[in-house]
Every structure is written in C-alpha cells, then in structure tokens.
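Colleague: Please work out how this folds:
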Amino acid sequence: MKSINIYTDGACSGNPGPGGWGAVLEYRGVKKEFSGGEAHTTNNRMELMAVIAALSALKEPCDVVLCSDSKYVIDALEKGWAKGWRSRGWKKSDKSPALNSDLWQQLLALTEQHKISYHWVKGHAGHPENERCDELAVAQAALYK
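Modeller: Below is the predicted model of the structure:
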C-alpha cells in the first residue's frame, strides 16, 4: 500500500457562518492541495469536509497518517465514537442526536477503505502543513463573506 500523509483544517467566520476547509496530501515528498467552502456552515462541518475531500482523492486503499487539529474529528474516529453513533442510528450514548451524521456517514465509509493512523496536532502552533491548511480554509471562507 502507498503511504500517504494527510493534513486537514476547517475554518468558520462565525459559527455558524461562512466557512472553508483545506487539505494537503503528501506522497513521497510531493504535496497536493485541496480546498473548498460553504456560505453557511459550522467549523466542525468544515473539519469533516476537509478529511472527506482528502480521502476521496485517494484512488486505491492506502496506509494513511491523518493529522488534524480537530479533537472532534480525531477523537470520534480514533476512539470509535462515530462508529458507535452509527450503530445507534446516529444517536450519542445519551440518546441525543449525533450532529453532522450526513458527513460522518460519508467519512466512515471512506475510512473503512484505508489503514489510517490518527494524529492530533495543536492548531496555530507553527506546524507547517497545519498552518497551510488553515490558510487554505480561511481563504475559502472569505469567498463567502
């Protein structure tokens, strides 16, 4: 399997508000950037969209290192929360609705095609790829202001 590093970030101007996401894929030292946004969204939705877009760009099963500054995304995937929400019909353990179930459904389907290790990185702390993803996300959000 190919080894891919994926870096992602989401941004929102107001929450909800105009938002954007950015992703950087790195394979053998070559980087490819992706970004997008929406006029009315939330930060968490943009964090999810970044990972969905990055994994969707992979054309075959890969060994992926996913780096994100979103505890929401990393913990829900790494700790199995999202799979639990799915198994309970998109309900959290307290029976309240799991938010963003439409995106989690897409993301879980994508994660099941790859071998993924999850790494949380501190946001706005000088991590070059995370900073680049933030720049991409903020630029996209600005398009919808």
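
Colleague: Span of stretch 9-19 from start to end?
Modeller: Distance between the two ends of stretch 9-19: 11 Å, counting by Cα to Cα, to the nearest Å.

Colleague: Could you check it and say which residues are buried?
Modeller: Within stretch 9-19, the residues that count as buried by 16 or more other Cβ atoms under 10 Å are 9-12, 17-19. In this view, the C-beta of every residue, glycine as well, is placed from N, C-alpha and C.

Colleague: Could you pull up the contacting residues of the residue nearest the centre of the chain?
Modeller: With distances taken as Cα atoms, centre = their mean, residue 51 lies nearest the centre of the chain, 3.0 Å away. Residues in contact with residue 51 (Cβ atoms under 8 Å, 6 or more residues apart in numbering) are 6, 8, 23, 66, 68, 73, 107, 110.

Colleague: Next up, phi/psi of residue 59, please.
Modeller: Backbone geometry at residue 59, expressed as degrees, to the nearest 10, gives phi -100, psi 0.

Colleague: pLDDT averaged over the helix or strand harbouring residue 48 - what is it?
Modeller: Element membership for residue 48 (DSSP states H and E) is helix 43-56. For helix 43-56, mean pLDDT is 98.

Colleague: Tell me the buried residues in it?
Modeller: Those would be 43-55, for helix 43-56 by 16+ other Cβ under 10 Å.

Colleague: Pick the one among these closest to residue 133.
Modeller: residue 50 (7.0 Å; Cβ to Cβ).

Colleague: From residue 118, how far off is the closest one?
Modeller: 14 Å (Cβ to Cβ, to the nearest Å).
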